[in-house]
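Q: Okay, sequence plus prediction incoming.
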Amino acid sequence: MGHFSISDLEQLSGIKAHTIRMWEQRYGLLRPVRTATNIRTYCEDDLRRLLNVTTLCSRGQRISQVARLSDDEIQAAVLACCNDVHDYHQQVNALLAAMLGFDEQRINQLFSEASAQLGFENMMLNVAYPLLQRIGLMWLAGTVNPAQEHLLAHLLRQKMLAATDALPAVPVTARRWVLFLPAEELHELALLFMNYVLRARGLHTLYLGQNLPLEELDAVCRTYQPDAVATVLTTQPERSRVGEFAEAVAACCPGKLVVLYGQLARQEGLVLPKNCISPALMTDFLALVADHATEPVAA
């Protein structure tokens, strides 16, 4: 399932195309099929094998030795090797290979081990987010099975909900944030992580989740009186209406901080209201939260 070019394999594995060709020619590592125009194409089994081989080579094993192993032997060696959770590239490769094989148990194990040793926030920033970026490349190439992405997103969502639920209670006097997704927007992983980040820093959050019409946000802001509002723009609203959407959100909570996260909010030429900020990266959002948390609370 899925047909990858050699440039796709390079982007997804981190191994240069010329190295992949050399491994293929010298060791028969992969078995590409050639198109009518003589272009190599690779299947999911090829990608999974390359990811696992990369993991073993990063642990000091020689490619000449690894290439002699069967797929089952390679998989067993990957499972047996001592994982270094600080080797983020290896962690991402292992998760991607587990996702391609619908290996739910392995995905859960890798996320849990990384979270336990790195801390949940560092696991998200250094492992989960790079993994999601790799999957985004696969979406662009049309080479990811939606079921694979849904499995990973579901497990990651569970991890974030559990980590957030385990945080201590936040005092009612803490600064207040409203988090929501626009109408017809369903991609909530980034918003869930933002909710965790805010709660972990002792801030009060009202998490409204997916698909919230703006008229409902206006009613919430009038009742809840938040200090800030945050949303993630992945597929909604339409690109041409982002400025109008930002104006409407800002009008719901005049004078309060509005955070618009996502590529739609950072398109060239977009003019945002003065109280709106569009952080480029999640680390920029973390810095913004730190600054906002130190400002005096209005009486």
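A: On my side now, so go ahead.

Q: Show me what the top strand by length along the chain is packed up against.
A: When the chain is parsed with DSSP state E, its longest strand is strand 204-212. Counting contacts by 3 or more C-beta pairs under 8 Å, 6 or more residues apart in numbering; DSSP states H and E, strand 204-212 packs against strand 176-182, helix 189-200, helix 214-224. The C-beta positions use only the backbone N, C-alpha and C, and glycine is treated the same way.

Q: repeat that with 10 Å
A: Here strand 204-212 touches strand 176-182, helix 189-200, helix 214-224, strand 228-232, going by 3 or more C-beta pairs under 10 Å, 6 or more residues apart in numbering; DSSP states H and E.

Q: Where does pLDDT dip in the stretch 51-200 of the chain?
A: Residue ranges of the stretch 51-200 of the chain with pLDDT under 70: 79-86, 137-144.

Q: Next, the angle from the longest strand of the chain to helix 214-224.
A: For strand 204-212 against helix 214-224, the angle by axes from the mean of the first three to the mean of the last three C-alpha atoms, to 10 degrees is 160 degrees.

Q: Return the set of buried residues in strand 204-212.
A: His204, Thr205, Leu206, Tyr207, Leu208, Leu212 (16 or more other C-beta atoms under 10 Å).

Q: coming back round to it: of the helices and strands packed on strand 204-212, which approaches Leu167 most closely?
A: helix 189-200 (5.0 Å; C-beta to C-beta).

Q: list the helices and strands the closest one packs on?
A: Judged by 3+ C-beta pairs under 10 Å, 6+ apart, helix 189-200 is in contact with helix 120-123, helix 129-141, helix 146-165, strand 176-182, strand 204-212, strand 228-232, strand 257-261, helix 282-293.

Q: redo that, cut-off 8 Å
A: Using 3+ C-beta pairs under 8 Å, 6+ apart, helix 189-200 sits against helix 120-123, helix 146-165, strand 176-182, strand 204-212, strand 228-232, helix 282-293.

Q: returning to that earlier point: got the helices and strands packed on strand 204-212 as JSON lines, with mean neighbour count and distance to Leu12 columns?
A: Shown next, in JSON lines, are these (neighbours: other C-beta atoms under 10 Å; distance: least, C-beta to C-beta, whole Å):
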{"stretch": "strand 176-182", "mean neighbour count": "24", "distance to Leu12": "28"}
{"stretch": "helix 189-200", "mean neighbour count": "22", "distance to Leu12": "20"}
{"stretch": "helix 214-224", "mean neighbour count": "14", "distance to Leu12": "38"}
{"stretch": "strand 228-232", "mean neighbour count": "25", "distance to Leu12": "24"}
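
Q: Quick check: which of those is nearest to Leu152?
A: Of all the helices and strands packed on strand 204-212, helix 189-200 sits nearest to Leu152, with 9.7 Å by C-beta to C-beta.

Q: relative orientation of that closest one and strand 228-232 in degrees?
A: Using the same axes, to 10 degrees: helix 189-200 against strand 228-232 is 150 degrees.

Q: Provide a list of residues in contact with the closest residue to Asn126 other than its chain neighbours.
A: Leaving aside its chain neighbours, Asn126 sits nearest to Tyr88 (4.8 Å; criterion: C-beta to C-beta, 6 or more residues apart in numbering). Going by C-beta atoms under 8 Å, 6 or more residues apart in numbering, Tyr88 touches Asn126, Val127, Pro130.

Q: From what I see, Tyr27 and Cys57 are in contact.
A: No: using C-beta atoms under 8 Å, Tyr27 is not in contact with Cys57; the gap is 11.7 Å.
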